[in-house]
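Q: Provide a 3D model corresponding to the input given below.
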Amino acid sequence: MKPTRAKPRILIVNDDGIHGEGLRPLIEALRQLGRVTTVVPERERSTASHSLTLHKPLRLTKVAGEIHTLNGTPADCARFGVLNLMKERVDLVVSGINRGHNLGQDVLYSGTVAAAAEATLLGIPAIALSRGLGPGGYEAGAAFARTLARTVLKEGLPRGRVLNVNFPPLPASRMRGVRLTRLGDRVYDKKIVVRTDPRGDSYFWMAGRRV
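A: Sure thing, here's the model as predicted:
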């Protein structure tokens, strides 16, 4: 669906939480396109996948202006923002900018991608944005997000489609262009790490490196 308003309504969500490095650059970039409202988890919720909070109350905290935190999952944030917080219809949901790529099987676990997918279930066009690990800022990715968001606001997206965008940790001058592709494989080794605490009891870490 294409917006007809002069000032589109944009909802920003993420899974890295209010302190995510990619959040502020994205907010600043998208404010140039329309009215931006932000709802993000109050803490890091990476790998939350598409879980929803059904067995405890959700609480919204206003941080500043139209920036809020929610004690829920990334998908909760998208759903709450669309159905409750924003009183007018949302024209676009943008999730990110995530710290680390979301490729292959990552998308099954990713809170970033799930938040965008939740928006599409509600009939809202959505983009998920992820940046590879490495030094440097998020400004180049935020600038690209603004360009892409402008296009989606103008042209719309097929219903039910999510754009999952990944970019390297590079300045804009070193990025070589954009390629539309299909989801591939991203395979990790399978491992449970066992440790022993000072009392002699075992505890465990989920582990797995890319192979």
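Q: quick check: longest helix of the chain.
A: Taking DSSP state H as the criterion, the chain has its longest helix at helix 139-155.
Q: where in the protein is pLDDT low?
A: 1-4, 188, 210-211 (pLDDT under 70).
Q: where do the strands sit along it?
A: With DSSP state E, the ranges of strands along the chain come out as 9-13, 35-41, 60-64, 67-70, 92-99, 126-131, 162-167, 191-196, 202-207.
Q: Could you check the angle the third one makes with strand 35-41?
A: For strand 60-64 and strand 35-41, the angle between their directions (axes from the mean of the first three to the mean of the last three CA atoms, to 10 degrees) works out to 130 degrees.
Q: Pull up the pairing partners for strand 60-64, direction included.
A: Note on strand 60-64: by DSSP bridges, its sheet partners are strand 67-70 (antiparallel).
Q: Alpha carbons of the partner strand, as CSV, please.
A: Output of strand 67-70 as CSV, limited to C-alpha atoms (Å, rounded to 0.1, in the frame of the first residue of the first chain):
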residue,chain,number,x,y,z
ILE,A,67,11.3,7.3,21.3
HIS,A,68,10.0,4.6,23.6
THR,A,69,11.1,1.3,25.2
LEU,A,70,8.9,-1.8,25.8
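Q: now what about that strand, what contacts it?
A: The contact list for strand 67-70, computed with CB atoms under 8 Å, 6 or more residues apart in numbering, reads 17-18, 27, 37-42, 58-63, 76-77, 80, 85. For every residue, glycine as well, the C-beta is placed using N, CA and C.
Q: in that strand, what's buried?
A: Going by neighbour count (16 or more other CB atoms under 10 Å), the buried part of strand 67-70 is 67-70.
Q: And stretch 159-171, by the same measure?
A: Within stretch 159-171, the residues scored as buried using 16+ other CB under 10 Å are 162-170.
Q: same deal with stretch 191-207?
A: Across stretch 191-207, burial judged by 16+ other CB under 10 Å covers no residue at all.
Q: how distant is it from the center of its chain?
A: 31 Å (CA atoms, centre = their mean, to the nearest Å).
Q: What is the end-to-end distance of that stretch?
A: 5 Å (CA to CA, to the nearest Å).
Q: can you start the count at 48 instead of 1 from here on
A: Got it, first residue is 48 now, which makes that one stretch 238-254.
Q: Show the contacting residues for the nearest residue to residue 67 once chain neighbours are set aside.
A: Spatial nearest neighbour of residue 67, excluding adjacent residues (CB to CB, 6 or more residues apart in numbering): residue 61 at 5.3 Å. Shown in contact with residue 61 (CB under 8 Å, 6+ apart): 67, 69-70, 87-88, 121, 124, 142-145, 158-159, 162.
Q: Could you dump the buried residues of stretch 206-218 into CSV with distance to residue 186 added?
A: Shown next, in CSV, are the buried residues of stretch 206-218 (distance: CB to CB, whole Å):
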residue, distance to residue 186
209, 24
210, 20
211, 21
212, 15
213, 17
214, 12
215, 14
216, 11
217, 11
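Q: ok, back up a step: please pick the buried ones from the contacts of strand 114-117.
A: Buried by 16+ other CB under 10 Å: 64-65, 74, 84-89, 105, 107, 123-124, 127, 132, out of the contacts of strand 114-117.
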